[in-house]
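Chemist: Have a look; sequence and predicted model below, questions after that.
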Amino acid sequence: MVRTSEVEKKVRAGGEVSEKMKNALSLWSLMYDNESPWCNDRVKSLNLSAAIASEVARLATVEMRSEISGSARAEFLNSAYQPVLENLRRFVEYGCAKGGMVMKPYVDGNKILVDFIQADKFFPTTFDSSGRITGAIFVGQIKKDGAIYTRLEEHSIENKIYKIINRAYVSRTEGVLGKEIPLSQVAEWKGISQNVSIKNVDRLLIGYFKVPYANAVDPGSPLGVSVYARACDLIREADKQYSRLLWEFESGERALYVSDMAFRVDKNGRAIIPDKRLYRLLALEQNGDDLFSDWTPNLREENILRGLNSILRKIEFNCGLAYGTLSDIDNVDKTAEEVRASKQRSFSMICDVQKSIAKALEELVFAMDVLCSLYKLAPGGKSSISFEFDDSSITDRNAEFAEKQQLVQNGIMQPWEFRMWYFGESEEVAKKAVTERVFKTDAGVA
């Protein structure tokens, strides 16, 4: 990845993102890539960061459906939009890990394609008073023949004129931009214009997915934070505790301490040990008359596991996850109310993430529509976007069924309302079905 200082130096940008945010993003990225700075030969990783980001993305996008409709223009946009949804979960996971993710549409021939850009591969340069990004630099790289080719794509808006400036660089050192070269020198970038201006556009032509957590790293920053931003220290402690567990088993392996008189020797007079992992040598004078001594220590894995489980519960709480997502819920002394509250916390968090996804996709569709008009890819027409999120994986369906059934029995909820919820029927269809059922019952039909 290109260093931030390199980009700022080349385009004279910077100052909008604090050093705190840059350092935090670097840490979140390392943790997600399973390269946490505290991990080494002694401290092993549980890779909890990737697991947390993956679970949040899965819960937020499972069986998600969305489409654009309303006109011929809408059909064209929808044909470019559906492939975005096919890849959405994977890139939402990257966004959850690193605080955000950009979807940037571009025109290729007579089609609109979309780039997914992770948070550590774009550099915001300006924001408006509401916190919306109004300027950014996007980084693209190609590696071949030992060289690293980097393209900086700078987007900015001034007086409703949208400007795009492309620059290319070549280097043989990771993290360094190197020397500026013409775009035409790279085959993949030959068709890209160096300067583009679009009139009457007042916002960036991107969709920005932002993790909907308060930014505790830098409260003044409009950028998003990782879903595990508030649990970094706890994740480090979990890795340490997990490493203690591994060491407990490794150091507690059964062994036989054997006199060096019990083995045959090689031509140099050294004992020939059949299994160095099992047998440990002792000199005869240290072992008396005993040739063998068994060593099988008592392991403390239960205490270590309880400690690890306690840390995992704290991580779940700090990340807004329900108890049992990471921890072993069977070994947790939790009341039914605490478990219910943790599920509600998870439900609320996932709902907020889904709203953020929907907002980013609406921004993306707006950008696609602008490009469609600019390049005359489809006739004009109105379009609307719809969303449907499946919440069955984050709610207790059986408990909810029993609760609503009780409401119907107590006369608080109408039977047709129950059918609308359970079967997804319209009000008209549900009322008709209930009426027919009552008619058959009154007529004595089972």
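Modeler: Arrived safely.
Chemist: which non-adjacent residue is nearest the residue positioned nearest the centre of the chain?
Modeler: By Cα atoms, centre = their mean, the chain has its centre lying nearest to residue 93, at 2.3 Å. What sits nearest to residue 93 in space, not counting adjacent residues and going by Cβ to Cβ, 6 or more residues apart in numbering, is residue 57, at 3.8 Å. For the C-beta atoms, the positions are set from N, CA and C on the backbone; glycine is no exception.
Chemist: Pretty sure that neighbour sits against residue 87.
Modeler: No. Residue 57 is beyond contact range of residue 87, at 11.7 Å (criterion: Cβ atoms under 8 Å).
Chemist: The residue nearest to the centre of the chain and residue 62, how far apart?
Modeler: Relative to residue 62, residue 93 is positioned 12 Å away (Cβ to Cβ, to the nearest Å).
Chemist: and if you look at residue 140?
Modeler: Distance of residue 140 to residue 62, given as Cβ to Cβ: 31 Å.
Chemist: before we move on, back to that, tell me the confidence at the residue nearest to residue 93?
Modeler: We note a pLDDT of 96 for residue 57 in this prediction.
Chemist: quick revisit: comparing residue 57 and residue 87, which shows the higher neighbour count?
Modeler: With other Cβ atoms under 10 Å as the criterion, residue 57 and residue 87 differ in neighbour count, and residue 57 comes out ahead with 23 against 12.
Chemist: what about the more buried one, which SS state?
Modeler: Classification of residue 57 into helix, strand or coil gives helix, according to DSSP: H, G, I helix; E, B strand; the rest coil.
Chemist: Now do the same contact list for it.
Modeler: Residue 57 sits next to 89-90, 92-93, 95-96 when contact means Cβ atoms under 8 Å, 6 or more residues apart in numbering.
Chemist: let's go with 6 Å and repeat that
Modeler: For residue 57, the contacting residues are 89, 92-93, 96, taking Cβ atoms under 6 Å, 6 or more residues apart in numbering as the criterion.
Chemist: Tell me how many other residues crowd residue 81.
Modeler: Residue crowding around residue 81 was assessed by other Cβ under 10 Å; the count is 22.
Chemist: name the element the nearest residue to residue 198 once chain neighbours are set aside belongs to?
Modeler: With sequence-adjacent residues excluded and distances taken as Cβ to Cβ, 6+ apart, residue 198 is closest to residue 162, at 4.1 Å. Secondary-structure assignment from DSSP states H and E places residue 162 in strand 161-171.
Chemist: Walk me through which strands that strand pairs with, and which way each runs.
Modeler: Here strand 161-171 has these sheet partners by DSSP bridges: strand 147-158 (antiparallel), strand 179-181 (antiparallel), strand 195-199 (antiparallel).
Chemist: Which helix runs longest in this structure?
Modeler: Ranked by number of residues, the top helix in the chain under DSSP state H is helix 336-374.
Chemist: Pull out the buried residues from that helix.
Modeler: Neighbour-count burial for helix 336-374 flags 339, 342-343, 345-347, 349-350, 353-354, 356-358, 360-361, 363-372 (criterion: 16 or more other Cβ atoms under 10 Å).
Chemist: name the helices or strands packed onto the helix or strand just after that helix?
Modeler: Heading C-terminal from helix 336-374, the first helix or strand you meet, by DSSP H and E, is strand 384-388. Strand 384-388 makes packing contacts with strand 65-69 when contacts are defined by 3 or more Cβ pairs under 6 Å, 6 or more residues apart in numbering; DSSP states H and E.
Chemist: Can you name every helix or strand that whichever helix or strand comes after the strand it packs on contacts?
Modeler: Stepping forward along the backbone from strand 65-69, the first helix or strand reached (DSSP H and E) is helix 72-86. The helices and strands touching helix 72-86, judged by 3+ Cβ pairs under 6 Å, 6+ apart, are strand 65-69.
Chemist: Many thanks, we can stop here.
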